[in-house]
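Chemist: below is the sequence, then the predicted model.
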Amino acid sequence: MIIAVASGKGGTGKTTVSANLARVRGDVTLLDCDVEEPNVHLFVSGEPQGEPEIVSLLVPEVDESRCDGCAACSRFCAFKALAVLDKRVLVFTELCHGCGGCARVCPQGAIREVPKRVGVVETMRAAGVTVVQGRLDVGVAMAPPLIRAVKARIPKTGDAILDAPPGTSCPVVATLRETDFVVLVTEPTPFGLNDLKLAVAVVRELDLPFGVVVNRADSSDDRVAVYCREAGIPVLAEIPDDRRVAEAYSRGELMVDALPEYRPLFQRLYADIARLAAGARRAEPRPDGPSRKRSFL
């Protein structure tokens, strides 16, 4: 089972939820897909496993001696990573998605692909939990290729938990694809509700089963609860607004370790996720019928 923990905005507590879920589950792979700001290792630290893997993206390189400036490459590129000025091709590698199409359509064979480093993938092992994290290089704008490299470490057997980036942009979509269940973490505030609705729209577009966890739930603002009830979204758990949790977090301690009374909450949460994910798999159409569109971004 592959679980993704996401949120429409930052600061709602998705890393708290994913790390504590991994701790109570044990023998699980926890993947930090927030490659621009990985922080799972602050709470589940362990011994490095092997050398970091350098991840590169293939970008175009133009042989000017063969290029005749026909502009077939720039017309093909949907991301405007190539431009032709005065029969000279300019390559903007920051915009390149590495699809390789420009090299294929070049009639002169003047384009070849060369690797451009985007970041590293690191693996650690701590107390029965394997932590995999991507770390995007400074100045690199393209996160999905590194996220795909992190997800390539998902084991073929056993459970995996993905800590997604915040928001609803391309890195989030790249993380959520190919998962079995999505946990959306929110907070009972107007901002939390607004961004939860955006995240719900993305998950529904991807046709993935999901539920909501409300963090810092001791609030008189019940708009999140009302929205979930009216939209038919299951609220899987409510985490109280407990100062002791914040204090443990500031020390880099997991909630279920510092405050064992919260362990049953996360155990029930994991059990509910497994039950709903299994129900969603049983409800999927048969192979001879319509099926979900599932592919990496």
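Modeler: Okay, I see it.

Chemist: rest of the way, CA atoms for contacts and neighbours
Modeler: Fine.

Chemist: flag the shaky bits of the stretch 101-250 of the chain, pLDDT-wise.
Modeler: 219 (pLDDT under 70).

Chemist: please, where are all the helices along it?
Modeler: Ranges of helices in the stretch 101-250 of the chain, per DSSP state H, counting those that start in this stretch, are 101-105, 144-151, 170-176, 190-205, 223-231, 243-250.

Chemist: can you tell me which of those is nearest to Glu53?
Modeler: Closest approach to Glu53 among the helices of the stretch 101-250 of the chain (CA to CA): helix 144-151, 9.2 Å.

Chemist: helices or strands up against that closest one?
Modeler: strand 28-32, strand 53-62, strand 111-126, strand 129-136, helix 170-176 (3 or more CA pairs under 8 Å, 6 or more residues apart in numbering; DSSP states H and E).

Chemist: could you give the angle of the shortest one to helix 144-151?
Modeler: Read that as strand 28-32. Compare the direction of strand 28-32 with that of helix 144-151 by axes from the mean of the first three to the mean of the last three CA atoms, to 10 degrees and you get 170 degrees.

Chemist: so which residues make contact with the helix or strand that strand 28-32 is followed by?
Modeler: Sequence-wise, the next helix or strand downstream of strand 28-32 (DSSP states H and E) is strand 47-48. With contact meaning CA atoms under 8 Å, 6 or more residues apart in numbering, strand 47-48 is reached by Glu122, Thr123, Met124, Arg125, Ala126.

Chemist: mind listing what strand 47-48 pairs with, with the direction of each?
Modeler: Using DSSP bridges, strand 47-48 pairs in its sheet with strand 111-126 (antiparallel).

Chemist: so the partner strand versus strand 53-62, what angle?
Modeler: 170 degrees.

Chemist: stretch 150-163: end-to-end distance?
Modeler: Using CA to CA, to the nearest Å, one end of stretch 150-163 lies 11 Å from the other.

Chemist: which residues does it contact?
Modeler: For stretch 150-163, contacts defined as CA under 8 Å, 6+ apart pick out 1-6, 14-15, 18, 22, 27-34, 121, 132-134, 175.

Chemist: show me how far that stretch is from its chain's centre.
Modeler: 12 Å (CA atoms, centre = their mean, to the nearest Å).

Chemist: do the same with stretch 14-25
Modeler: Counting by CA atoms, centre = their mean, stretch 14-25 comes out at 15 Å from the chain centroid.

Chemist: one more: stretch 119-130?
Modeler: With CA atoms, centre = their mean, you get 16 Å for stretch 119-130.

Chemist: numbering from 37 from now on, please.
Modeler: Okay, residue one is now 37; in that scheme the one you just asked about reads as stretch 155-166.

Chemist: mind saving the C-alpha coords of that stretch as CSV?
Modeler: Written as CSV, here are the backbone C-alpha positions of stretch 155-166 (Å, rounded to 0.1, in the frame of the first residue of the first chain):
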residue,chain,number,x,y,z
GLY,A,155,19.8,17.0,-7.1
VAL,A,156,20.5,13.9,-5.0
VAL,A,157,18.5,11.1,-3.4
GLU,A,158,19.6,9.9,0.1
THR,A,159,18.6,6.8,2.0
MET,A,160,18.7,6.3,5.8
ARG,A,161,17.5,3.6,8.2
ALA,A,162,16.2,4.3,11.6
ALA,A,163,14.3,2.1,14.1
GLY,A,164,12.7,-0.1,11.4
VAL,A,165,11.8,2.8,9.1
THR,A,166,13.7,3.4,5.8
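
Chemist: mind listing what's buried in it?
Modeler: Of all the residues in stretch 155-166, those buried under the rule 16 or more other CA atoms under 10 Å are Gly155, Val156, Val157, Glu158, Thr159, Met160, Arg161, Ala162, Val165, Thr166.

Chemist: name the nearest of those relative to Gly136.
Modeler: Distances from Gly136 to the buried residues of stretch 155-166, taken by CA to CA, are shortest for Gly155, at 19.8 Å.

Chemist: measure that closest one to Phe112 for me?
Modeler: Using CA to CA, Gly155 is found at 27 Å from Phe112.

Chemist: residue contacts, Phe302?
Modeler: Asn56, Leu57, Val60.
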